[in-house]
Structure formats: C-alpha cells, structure tokens
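*Asks:* Return a 3D structure for these sequence lines:
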Amino acid sequence: MENSKIIFAYLIYLPIVIALTIYVSKMLFKNGKLFMVDIFKGKEDIAIATNKLFEIGFYLINIGWAMLILKISYYSINEMSYQTLIEILSKKIGGFSIYLGIMLFINLFFFFRGRRISRKSLRTNNEV
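*Replies:* Numbering: from 1, shown residues only. Next up, the predicted model:
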C-alpha cells in the first residue's frame, strides 16, 4: 500500500513540474526572441535558431533537474500518511518552482547582458 502512495505522488509531481517547465519556457523564449533579434542585429534566422537551441537546453536542464529530485523514498515509508505525502509534494513542487524562477532570472540576465553588449558594439561601430 505504501508503494502505491509513492507512485501516486509521482503521478502528481511529474505532470505539474513538466507543465510548469513548459509554461515558463514558452513565455521566456517567446519574449526572448525579441532580445535575440536585437542581439543579432536584425538577423532573424540566426536569432530564432539560437533562441530555439536555448529553449531546448532549458527543457533538458529543468526537466532533468525535476527527475533528479524526484525520489520520495528518502522519507520514512512506515510513516507515509496522505498528509505527509501532500507536505512532501508541496516541498518538492515549491522547491522546483523556486529553482525554475531562479533559472528564469538567470536567462533574463543573459538576455539583457547580450542586448547591452550588442548595443554597445553598435554604438562603437557608428562612432568610428
């Protein structure tokens, strides 16, 4: 019976973290495309291709991390009530959400940094 609770927890955890990852990725890279076009000075084909590669990397890193922290059996199986299970899921999903937020801000930092460097080099070229 206890193993079925863990499997039940996995069936709740996995769709939630995968859906969160997909949602954050779609929002980030849909809006990040504008930064990439700016960074690559209007070369839309290179910007879109690079953005797509970053999106794939984002999926791999974040879904990989979600799988890595999946294990629930660290906790005492003998004391696994439904309340404990919900608390464990809350901790895991909450922790993953915080991690995903940090990854989002790291990506935004790099988008802004790339844009700033691109504009700086454009100004330098215009002054010469």
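
*Asks:* I'd like to know the average pLDDT value across stretch 46-61.
*Replies:* Regarding stretch 46-61, the rounded mean pLDDT is 93.

*Asks:* contacting residues around that stretch?
*Replies:* Residues outside stretch 46-61 that contact it (CB atoms under 8 Å, 6 or more residues apart in numbering): 21-22, 25, 28-29, 32-33, 36-37, 39-40, 103, 107. Bear in mind the C-beta positions are built from the backbone N, C-alpha and C, glycine included.

*Asks:* can we see that at 6 Å?
*Replies:* Here stretch 46-61 makes contact (CB atoms under 6 Å, 6 or more residues apart in numbering) with 25, 29, 32-33, 36-37, 40.

*Asks:* And the helix or strand containing residue 91, what does it pack against?
*Replies:* Residue 91 is part of helix 82-127, with elements assigned from DSSP states H and E. Judged by 3 or more CB pairs under 6 Å, 6 or more residues apart in numbering; DSSP states H and E, the packing partners of helix 82-127 are helix 2-39.

*Asks:* angle of the helix it packs on against helix 82-127?
*Replies:* 10 degrees (axes from the mean of the first three to the mean of the last three CA atoms, to 10 degrees).

*Asks:* Okay then, goodbye and thanks.
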